[in-house]
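Colleague: sequence and predicted model, in that order:
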Amino acid sequence: MKNAIAITPELVAQHGLKPDEYQRILKLIGREPTLTELGIFSAMWNEHCSYKSSRLHLKGLPTKAPWVIQGPGENAGVIDIGDGLACVFKMESHNHPSFIEPYQGATTGVGGILRDVFTMGARPVACLNALRFGSPDHPKTRRLVSGVVAGIGGYGNSFGVPTVGGQMGFHSRYNGNILVNAMAVGIAKADEIFYAKATGIGNPIVYLGSKTGRDGIHGATMASAAFDDSAEEKRPTVQVGDPFAEKLLLEACLELMQSGSVIAIQDMGAAGLTSSAVEMGAKGDLGIELDLDKVPCREEGMTAYEMMLSESQERMLMVLHPAKAEQAEAIFRKWGLDFAIIGKTTDTLRFVVKHHGETMADLPIKELGDEAPLYDRPYVETPKRPVLAPENIPSPVSNRAALLRLIGSPDLASKRWVWEQYDHLILGNTVQQPGGDSAVIRIGDGPRGLALTADVTPRYCEADPFEGGKQAVAEAYRNIISVGGTPRAITDNLNFGNPERPEYMGQLVYCIRGLGEACRVLDFPVVSGNVSLYNETNGRGILPTPTIGGVGVLDDVTRAMTLAFKAAHETIILLGNTKGWLGASTWLAEITGREDGAPPPVDLALEKQTGELVLGLIRDGLVTAVHDLSDGGLAIGLAEMAMAGKIGARIDHLPPGLPTHAALFGEDQGRYLLTVATNDQIAEISRRVGTSGSDLIMHILGVTGGDSLTLPDEQPISIAALETAHEHWLPSYMAGDA
Amino acid sequence: MKARITVTLKNGVLDPQGKAIEGALKSFGLEGIDSVRQGKVFDIELDSNDPAKAEELLKSACEKLLANTVIENYRVEILG
Amino acid sequence: MKARITVTLKNGVLDPQGKAIEGALKSFGLEGIDSVRQGKVFDIELDSNDPAKAEELLKSACEKLLANTVIENYRVEILG
Amino acid sequence: MKSAVITFPGSNREGDVIRALRQATGHDPVSIWHQDADLPKGTDLVVLPGGFSYGDYLRCGAIAARAPVMDAVRAHAARGGLVLGICNGFQILVESGLLPGVLMRNAGLKFICKMQHLKVGRSDTAFTSHYSTGDIIKVAIAHGEGNYVADAETIARLEGENRVAFRYCDAQGDTKAGNPNGSLNDIAGIYSEKLNVLGMMPHPENLIETLVGGTDGRGLFESLSAYRGAA
Ligand SMILES: Nc1ncnc2c1ncn2[C@@H]1O[C@H](COP(=O)(O)OP(=O)(O)O)[C@@H](O)[C@H]1O
Ligand SMILES: [Mg+2]
């Protein structure tokens, strides 16, 4: 092997490798790496692939439960959902590409996560997305919203999977660094899951899907371009998604898996051919030899370096049973996709890459992953904020005015404008479409179903990373309970600032601890996830945003619960304890312009008891509507139930001893609103609450009916007025009028 | 005054549309087509009589709206 | 050999995208915009060295697929 | 009632329409691959399902309209056989010349997925016998290019021959107010001259169950199921 290019310190730096990391490489291979090898190391050892800053802390997350089939470490997590079926799911970020090119950044994000799911043998049945944009009045925000939403829809709609839920919020801390987190959920037979681990020596390695171009070869390309005289204009670093190709890839892969010819499969995501090949070999304790002359290329004159680092989309790598290669190829030809045998498994534990008869890389395959740097980066805990007493924060406006303002504020306004651009009905199994607490989809012809939600409250995480981390998981749990689902597992997408800054590292560390704590107590393990660091805007980190994607199971979707008021003259009950917590609340930010104060704490043990109690009430048919309380508190929850059911309510009693605005808008955790039809049922609920053996309390607030919502001591607010305020903001903002 | 703006994909950027069209043309038995790349044109009619000013404004329209300069090139022609 | 095909909407056919762009351009302060019409270009590479034959081939590609002749016109240019 | 559903590369609502046909007729339709040259003998109904055939690149439905199987579909229609094109299927029918007009970008330039009311144009066709003329039904729409456009002459002819199958409307039946995409005359679906070919943008196949939005789409499949050949 000869080094055509001298590896200079500049080149090393351009590959994002620190001097000590380069020393580690030299020690590992005992010589100077070739350029291709340097590229391979940079891809394997960057933050995205190696989790070098977060790995240490992620270890603390609970990942096991009797129903977990596959936890973190594969393309996606897998849980048993009964009836011999498994649910396969994961969330992933595409933050930086979406800021540069919102449409393509978002499409390729969705495409990547869908591939992660069907690589495991699952047919995708739903997508969700969690989006964070800068302040609405920032000049870039509107264009980013429009591009990202169109991109998510553009990919999912064409691919043919319903996008059933998500989250969308605005804050100036995302001005220069938006978040685009996409989640995909698939269904497979529990005993037909496919993994990345290669087995057998001399088995063919097959390349499938679209051709390889010079897509997404990041900053590193610039470095290499200097040595490659065929390099043309400065290459764009964004990839273009092709949902059509991916749909064909899905059908072809599932057909191939059915045919019994697949030994191992891995999608080519970040770091493309490099990480997919290395992972397949390393997991199976095998070497891999690739012959790049066989790789289907879209562009002329591609170098080994470029092929190994390309992030062209819609590609897969498989290890096939040699006897079935021909049959496999026929399936791929039928779907019009590229199919090429580009290498084989070996017993050498080396990762060997050949091109034009020359060896371009020859590296120890296990060490490429196992010896990746691992950092215990210094971190500091976020200083605790004082708890704000509600008595000390008077309301500058009437509660009626506050409600109308909040319900039409950017974070709480209806996101209909978004989800109407997503096909949320395709496949004919969407039992609860966007707009409820969780989406509910039926599996096949039923009766089983899934409850799906995406949650996090970044301002709580900023105020107190540990409590905020707990809260994100608890809110996902609550949203699943509210539709009658049994919470089963989560995927997490940890979006944080620069880990080399101790205060941001501290946010990461404490958020993870909070998540872990909540997962443990709630029996809600993490089965997959993704970490996105270095998210900052003008040198300031984004709000810490550990997005949680929650999955729950319903045994019978026909019994799913919704939040809409169902009929007049029903009793409205608040379950859970209210202290009027205004610190770090939406009310505080929107109405007083303050973002201070400690966030509401989450009592996890009580959370679990409350959740189980609510599930029991739903199962036993004691309640007619259920809605958990989150941003904006009780008043927003009531308004949402009224608007959904087009039935009003009269609230006569609030939790006692609090300023009214604190009772209405405080964001105390662990609370649900219920409606109940009969007095006997109220008595039964009261009995269950009384004997739950915890501090759980309930309040009877009032009754449903009429066409307006009447808060204590306020003029009624018509449902029409609520709807106007709620539905108006986003469409008019996007039209440029707001 | 008339102007035409042509927006094309940069070299090396994947063109799923062009690829699908290429495949379709080949499957129709149209021999001899190597590759297809798709782009857009905008035909614009203007009142203005100042070609230099029009060109400048159209360029800024391309930068801001008509072309996605991360992946596309554009060309403005004033046709008079 | 290279060729460019330009497909444009026939006069009188409604063009919602063009209309929207027209509105946007006006909002950029581009005075005196009368109209914007959006069309497509296809940049094609061919094996052939015979311009006449290539033109014929591409015309048939337009008729068969590239243009919807109910609403669109096309033009073939051989760029050599 | 023997039905066949065609799958093109990029079709994605074929499963939805197969389910609707199965529920209405009690048996599975035959699945046809776009490269097949023939339809099964005795096929009464051919369905072109929704989706993004060939990615909807170039123009929606354009490439699929030229697939090998479309000659067989044309011959079937010429014989008086039933053809139903839903959404992308409608776009394919228009591109293949089986129905007049074109489907352009939605007036709002955005993809729209939502529940949508329709007014039934006539109830004396194979597709609508289970509805009454003027019925207001709620089905789903999910498209980016459903803005029906044709020249004045074509529109006059469609109207004159009573060939508008469905019109968009709001819950009260107001057509102008309920038009989601700018379609001329609020057209959501049209028939061929002989009323044996129906193209429509909305998705009746997604409204066949109370649990999933409602059952207003079922009438169309029940009508087809009851169809016993041209009278
Ligand atoms: N980006 C999005 N994509 C799809 N659905 C969304 C999106 N943003 C919000 N929604 C939907 O809007 C509803 C309200 O969202 P949210 O206020 O976050 O609910 P919750 O407080 O119950 O978590 C949910 O049903 C959610 O799925
Ligand atoms: Mg909720």
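Modeller: Okay, I see it. Ligands and ions are numbered 1, 2, ... in the order given.
Colleague: next, the closest residue to residue A:729 other than its chain neighbours: secondary structure please.
Modeller: If the residues on either side of it in the chain are set aside, residue A:729 comes closest to residue A:413, at 3.8 Å by C-beta to C-beta, 6 or more residues apart in numbering or on different chains. Glycine gets a C-beta too; all of them are placed from N, C-alpha and C. Assigned by DSSP: H, G, I helix; E, B strand; the rest coil, the conformation of residue A:413 is coil.
Colleague: in contact with residue A:413, which residues?
Modeller: A:407, A:725, A:726, A:727, A:728, A:729, A:730 (C-beta atoms under 8 Å, 6 or more residues apart in numbering or on different chains).
Colleague: buried sites along the one helix or strand the fourth one maps to?
Modeller: When you say that, I think you mean residue A:727. Element membership of residue A:727, judged by DSSP states H and E, is helix A:719-734. Going by neighbour count (16 or more other C-beta atoms under 10 Å in any protein chain shown), the buried part of helix A:719-734 is A:719, A:721, A:722, A:723, A:725, A:726, A:727, A:729, A:730, A:733, A:734.
Colleague: please name the nearest non-neighbouring residue to the fifth one.
Modeller: The shortest distance from residue A:725 to any residue other than its chain neighbours is 3.7 Å, reached at residue A:408 (C-beta to C-beta, 6+ apart).
Colleague: next, the contact list for the one you found, please.
Modeller: A:725, A:726, A:728, A:729.
Colleague: which of these sits closest to residue A:171?
Modeller: Distance from residue A:171 was checked for each of those by C-beta to C-beta. The minimum falls on residue A:729, at 15.7 Å.
Colleague: quick one: contacts for the spatially closest residue to residue A:281 that is not a sequence neighbour?
Modeller: Closest residue in space to residue A:281, ignoring its immediate chain neighbours: residue A:288 at 4.0 Å, by C-beta to C-beta, 6+ apart. When contacts are counted by C-beta under 8 Å, 6+ apart, residue A:288 touches A:198, A:205, A:277-278, A:280-281, A:343-346, A:351-352, A:365.
Colleague: most neighbours among these, which one?
Modeller: residue A:281 (30 neighbours; other C-beta atoms under 10 Å in any protein chain shown).
Colleague: wait, that one sits on residue A:367?
Modeller: No. Using C-beta atoms under 8 Å, residue A:281 is not in contact with residue A:367, being 11.7 Å away.
Colleague: does any bit of the helix or strand containing residue A:441 sit next to ligand 2?
Modeller: Using DSSP H and E, residue A:441 falls within strand A:439-442. No. Counting by C-beta under 5 Å from the ion, no contacts exist between strand A:439-442 and ligand 2, the nearest distance being 11.5 Å.
Colleague: just checking: what are the partner strands of that strand?
Modeller: Sheet pairing for strand A:439-442, assigned by DSSP bridges, gives strand A:430-432 (antiparallel), strand A:449-455 (antiparallel).
Colleague: please name the nearest non-neighbouring residue to the closest residue to chain A within chain B.
Modeller: In chain B, the residue found nearest to chain A is residue B:16; the distance is 3.7 Å by C-beta to the nearest C-beta. Among residues not flanking residue B:16 along the chain, residue A:242 sits closest, at 3.7 Å (C-beta to C-beta, 6+ apart).
Colleague: against chain D, how distant is the residue of chain B positioned farthest from its centre?
Modeller: If you look at how far each residue of chain B sits from its centre, by C-alpha atoms, centre = their mean, the farthest one is residue B:29, at 27.3 Å. Distance from residue B:29 to chain D, counting by C-beta to the nearest C-beta, to the nearest Å: 11 Å.
Colleague: relative to residue A:405, how far out is that residue?
Modeller: Counting by C-beta to C-beta, to the nearest Å, the gap from residue B:29 to residue A:405 is 65 Å.
Colleague: and residue A:727, by the same measure?
Modeller: Going from residue A:727 to residue A:405 by C-beta to C-beta gives 15 Å.
Colleague: so which helix or strand takes in the residue in chain D positioned nearest to ligand 1?
Modeller: Closest approach of chain D to ligand 1 (C-beta to the nearest ligand atom) occurs at residue D:113, with a separation of 11.0 Å. Using DSSP H and E, residue D:113 falls within strand D:112-120.
Colleague: centre of the chain to that strand, how far?
Modeller: How far strand D:112-120 lies from its chain's middle: 13 Å, per C-alpha atoms, centre = their mean, to the nearest Å.
Colleague: same deal with stretch A:279-289?
Modeller: Taking the mean of its C-alpha atoms, stretch A:279-289 sits 29 Å from the chain's own mean (C-alpha atoms, centre = their mean).
Colleague: one more: stretch A:147-158?
Modeller: Going by C-alpha atoms, centre = their mean, where stretch A:147-158 is centred and where its chain is centred differ by 16 Å.
Colleague: with stretch A:571-582 instead?
Modeller: The offset between the C-alpha centroid of stretch A:571-582 and the centroid of the whole chain comes to 29 Å, using C-alpha atoms, centre = their mean.
Colleague: likewise stretch A:445-457?
Modeller: Using C-alpha atoms, centre = their mean, the distance between the centre of stretch A:445-457 and that of its chain works out at 14 Å.
Colleague: ends of it, how far apart?
Modeller: Using C-alpha to C-alpha, to the nearest Å, the span of stretch A:445-457 from its first residue to its last is 35 Å.
Colleague: and it with ligand 2, contact?
Modeller: No. No part of stretch A:445-457 sits near ligand 2 under the criterion C-beta under 5 Å from the ion; the closest distance found is 7.6 Å.
Colleague: what mean pLDDT does that stretch have?
Modeller: Stretch A:445-457 carries an average pLDDT of 97.
Colleague: quick one: the residue nearest to residue B:16 and residue A:209 touch, right?
Modeller: No. Applying C-beta under 8 Å as the test, residue A:242 and residue A:209 come out as separate, 9.6 Å apart.
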